[in-house]
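>>> test case, fold it:
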Amino acid sequence: MKKQRHDALKPLSHHHHHALVQAMELKQAGTEKTDKSLGESIRGLIDYWEKDAVLHFRDEEEVLLPLYEVYAEKPEIELIKEMLYQHMQIRSFVYAIRENREDPYEKMNQLGELLEKNVRFEEREIFPVIEEAVPDKYLHQVYGKFHRDSYSGF
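Sure, this is the predicted structure:
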């Protein structure tokens, strides 16, 4: 039976839902599956990036991972490296799309794939490790430190 996500991490999982919606839109950019123009697709990405994704990455990198490091007896370093590498790749794609519109649809499609991969990885690999290592009372303490997303305020 699948273990329920710890309440303290639910805001991050909620943010992940919005990231999956964005990933789907990015994967559809430039295809017959969308009626959005290139400009609309780029504006949607930048809006999502600036209002939510930057802060979400900060929540994970500056709040959640340091807490994990404090309590993990044997940190899963390779998993953390992979997560941070994916964050760097995502940032690089956003930068490339914003600054250089050469092959923008291909870059948006690749970014969509990567964003989906990152969400699935964090939900299936990273969060369970953190939930296992960090005592409940300390996980609860970080709950209020996560940003509220612009979609629902969660």
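>>> endpoints of stretch 120-127, how far apart?
10 Å (CA to CA, to the nearest Å).
>>> ok, stretch 121-133 next?
One end of stretch 121-133 sits 17 Å from the other (CA to CA).
>>> can you list contacts of it?
3, 5-6, 9, 12-13, 16, 60, 64, 67-68, 71-73, 75-76, 79-80, 82-83, 86, 139 (CB atoms under 8 Å, 6 or more residues apart in numbering). Yep, even glycine has a C-beta here, placed from its N, CA and C like the rest.
>>> these, buried ones only, as a PyMOL selection?
Buried residues within the contacts of stretch 121-133, by 16 or more other CB atoms under 10 Å, are selected in PyMOL with:
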select buried, resi 6+9+12+16+60+64+67+68+72+76+80+82+83+86+139
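>>> in helices only, show me the contacts of stretch 121-133.
Judged by DSSP state H, helices contain the following of the contacts of stretch 121-133: 12-13, 16, 67-68, 71, 79-80, 82-83, 86, 139.
>>> can you put those residues in a markdown table and add pLDDT and distance to residue 99?
Shown next, in a markdown table, are the ones in helices among the contacts of stretch 121-133 (pLDDT from 0 to 100; distance: CB to CB, whole Å):
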| residue | pLDDT | distance to residue 99 |
| --- | --- | --- |
| 12 | 93 | 28 |
| 13 | 93 | 31 |
| 16 | 96 | 26 |
| 67 | 96 | 34 |
| 68 | 97 | 33 |
| 71 | 97 | 39 |
| 79 | 98 | 31 |
| 80 | 98 | 28 |
| 82 | 98 | 26 |
| 83 | 98 | 25 |
| 86 | 98 | 20 |
| 139 | 92 | 38 |
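>>> ok, now which ones touch the residue of the chain most remote from its centre?
The centre of the chain is farthest from one residue, residue 32, which by CA atoms, centre = their mean lies 26.3 Å away. Listed by CB under 8 Å, 6+ apart, residue 32 has no contact partners.
>>> for it, report the pLDDT, please.
At residue 32, the pLDDT value in this model is 93.
>>> same deal with residue 140?
Looking at residue 140, its pLDDT stands at 88.
>>> hmm, residue 67 and it touching each other?
No. Residue 140 lies out of contact with residue 67 (CB atoms under 8 Å); the separation is 11.2 Å.
>>> now stretch 145-154: average pLDDT?
Mean pLDDT, stretch 145-154: 71.
>>> right, I'll call it a day here.
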